[in-house]
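J.: here is my input; please provide its structure:
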Amino acid sequence: MNSNKSVIYWLLSGCILLFIMVTVGGITRLTNSGLSMTDWHLVTDTFPPMSEEKWQAAFDEYKKFPEYQKINIHNDFDLDDYKFIYFWEWFHRFIGRIIGIVFIIPFVYFLIKKKLDKATINKCVILLGMGAFQGFLGWFMVKSGLIDNPDVSHFRLALHLTFAFITFAYTLWVALDLIYPTKREAILPLRKWARIALVVLIIQIIYGGFVAGLNAGLIHNHWPMMSDRQFFHESIVLEKDSWLLRLTEGKSGVQFVHRTMAYVVVGLIVFLYIKSKQFVLTLQQRRGLNALVGLVFLQFLLGVFTLLYSVPLALGLIHQITAFFLLSAMTYTLHRLSK
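T.: Okay, the predicted model is just below:
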């Protein structure tokens with residue numbers, strides 16, 4: 001680890017920046033700020049407008065698009081309101097630029113200084129591609145809300161969100177490879193169940209994106225049953241014509257999957273924890289499993305209260321942040337069980 005300390009710090013700083021970016025992205029979504037910047041330029045959008053004239057020009061451009069014409073025009077939406085939503089979208093994109101700089105410049109430096117072995121170089125090239133693709137996904141998502149519908153596609157939002165989580169997890173994995181260079185024999189039964197739990201957790205994150213994109217957390221604000229004390233509410237069937245659409249595009253159906261899959265995530269992690277008692281574990285493995293159990297129950301409770309209170313900003317944001325910590329613990333635990 002000592003010989004790679006600077007590389008490890010570099011990768012972990014990237015993890016921190018990705019965490020900040022996802023957090024700001026959550027604020028951007030929850031404050032409906034994501035469509036405030038109606039174009040994308042690599043250089044000219046680096047800083048917000050610097051004069052009232054430029055602010056007014058940006059606001060006038062925003063008025064040409066569906067979010068203003070169909071929604072905000074009826075809400076006494078003025079320039080100060082626009083500056084508020086513009087800030088969060090600009091800040092989100094600004095952090096993306098910072099991440100690019102923080103990754104590329106040190107990467108070139110470490111290459112020149114020959115501080116990266118071939119395996120790490122290959123992993124970092126993958127990370128570079130993932131970062132570029134994530135930037136594309138962000139604009140691909142925003143573009144969907146600038147045509148006719150004043151909301152972004154929930155499929156594109158979920159893709160953008162989930163890929164950010166995956167990019168973070170992979171960055172953390174690469175850092176862990178350097179932090180723990182000594183190979184250990186994998187605990188195969190636990191690794192298998194940890195992998196299954198990770199896949200289900202990622203599916204749950206995708207459905208969290210669906211819920212957010214469809215504003216599906218604003219209905220059926222009851223627990224443990226949905227509205228009218230129904231476990232499977234009749235509106236799920238009525239919203240769409242096919243089961244595929246009901247469970248991917250219907251608000252009730254998407255919420256049903258997300259709230260039901262939460263039990264599956266909890267069950268898998270608890271099962272993994274109980275099964276681990278059959279094995280002699282290292283301190284790192286035990287700590288990872290303990291963190292997993294604690295975080296999954298915290299996340300479950302946050303999900304319940306976020307639903308009951310109809311997704312207030314603070315709870316919605318904390319719920320997303322805790323999902324990030326849960327994925328971190330899952331990644332760390334799987335790594336320690338695998339290598």
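J.: enumerate every residue touching residue 126.
T.: residue 170 (Cβ atoms under 8 Å, 6 or more residues apart in numbering). The C-beta positions use only the backbone N, C-alpha and C, and glycine is treated the same way.
J.: any buried residues in the helix or strand where it lies, and which?
T.: Using DSSP states H and E, residue 126 sits in helix 118-143. Within helix 118-143, the residues that count as buried by 16 or more other Cβ atoms under 10 Å are 120, 123-124, 127, 130-131, 134-135, 137-138, 141-143.
J.: with stretch 46-53 instead?
T.: Going by 16+ other Cβ under 10 Å, stretch 46-53 has these buried residues: 48, 49.
J.: list of residues touching that stretch?
T.: Residues contacting stretch 46-53 (Cβ under 8 Å, 6+ apart): 55, 57, 58, 86, 87, 90, 94, 97.
J.: show me how to select, in ChimeraX, the buried members of the residues you listed.
T.: A single ChimeraX command selects the buried members of these (16+ other Cβ under 10 Å):
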select :55,58,86,87,90,94
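J.: one step back: closest to residue 212 among the buried residues of helix 118-143?
T.: residue 141 (11.6 Å; Cβ to Cβ).
J.: list the contacts of that closest one.
T.: Per Cβ under 8 Å, 6+ apart, neighbours of residue 141: 34, 152, 153, 156, 157, 159, 160.
J.: of the contacts of stretch 46-53, which belong to helices?
T.: Under the assignment DSSP state H, these contribute 55, 57, 58, 86, 87, 90, 94, 97 to helices.
J.: from those, which two are the most distant?
T.: Counting by Cβ to Cβ, the most remote pair of those is 57 and 97, 22.0 Å apart.
J.: what is the host helix or strand of residue 25 packed up against?
T.: Per DSSP H and E: residue 25 is located in helix 5-30. Packed against helix 5-30 by the contact rule (3 or more Cβ pairs under 8 Å, 6 or more residues apart in numbering; DSSP states H and E) you find helix 79-112, helix 154-179, helix 313-338.
J.: can you tell which of those helices is closest to residue 232?
T.: helix 154-179 (21.2 Å).
J.: in TSV: the contacts of stretch 46-53, plus distance to residue 186 and pLDDT.
T.: Below are those laid out as TSV (distance: Cβ to Cβ, whole Å; pLDDT from 0 to 100):
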residue	distance to residue 186	pLDDT
55	57	95
57	58	92
58	54	91
86	49	95
87	47	94
90	45	94
94	41	93
97	39	92
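J.: of the contacts of stretch 46-53, closest to residue 168?
T.: residue 97 (17.4 Å).
J.: how close does the spatially closest residue to that closest one that is not a sequence neighbour sit to residue 84?
T.: Using Cβ to Cβ, 6 or more residues apart in numbering and skipping the chain neighbours, the partner closest in space to residue 97 is residue 46 (6.5 Å). The gap separating residue 46 from residue 84 is 20 Å, by Cβ to Cβ, to the nearest Å.
J.: run through the neighbouring helices and strands of the helix or strand bottoming out on mean pLDDT in the chain.
T.: Ranking every helix and strand in the chain by mean pLDDT, DSSP states H and E puts helix 66 at the bottom, with a mean of 90. Based on contacts counted as 3+ Cβ pairs under 8 Å, 6+ apart, there is no element that helix 66 packs against.
J.: residues touching that helix, excluding its own?
T.: For helix 66, using Cβ under 8 Å, 6+ apart, the contacting residues are 145, 146, 147, 148, 149, 150.
J.: if we go to 6 Å?
T.: residue 150 (Cβ atoms under 6 Å, 6 or more residues apart in numbering).
J.: what's the offset of it from the middle of its chain?
T.: 26 Å (Cα atoms, centre = their mean, to the nearest Å).
J.: which of the residues in stretch 280-295 are buried?
T.: 281, 284, 285, 288, 289, 291, 292, 293, 295.
J.: export those as JSON lines, with columns for secondary structure.
T.: Shown next, in JSON lines, are those (DSSP: H, G, I helix; E, B strand; the rest coil):
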{"residue": "281", "secondary structure": "coil"}
{"residue": "284", "secondary structure": "helix"}
{"residue": "285", "secondary structure": "helix"}
{"residue": "288", "secondary structure": "helix"}
{"residue": "289", "secondary structure": "helix"}
{"residue": "291", "secondary structure": "helix"}
{"residue": "292", "secondary structure": "helix"}
{"residue": "293", "secondary structure": "helix"}
{"residue": "295", "secondary structure": "helix"}
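J.: between those, which is closest to residue 320?
T.: Distances from residue 320 to the buried residues of stretch 280-295, taken by Cβ to Cβ, are shortest for residue 295, at 13.3 Å.
J.: check contacts around the closest one.
T.: Residue 295 touches 325, 326, 329, counting by Cβ under 6 Å, 6+ apart.
J.: now the first one, nearest residue through space, not along the chain?
T.: Closest residue to residue 325 in three dimensions, ignoring its sequence neighbours and counting by Cβ to Cβ, 6+ apart: residue 295, at 5.5 Å.
J.: distance check, the one you found against residue 330.
T.: Counting by Cβ to Cβ, the gap from residue 295 to residue 330 is 9 Å.
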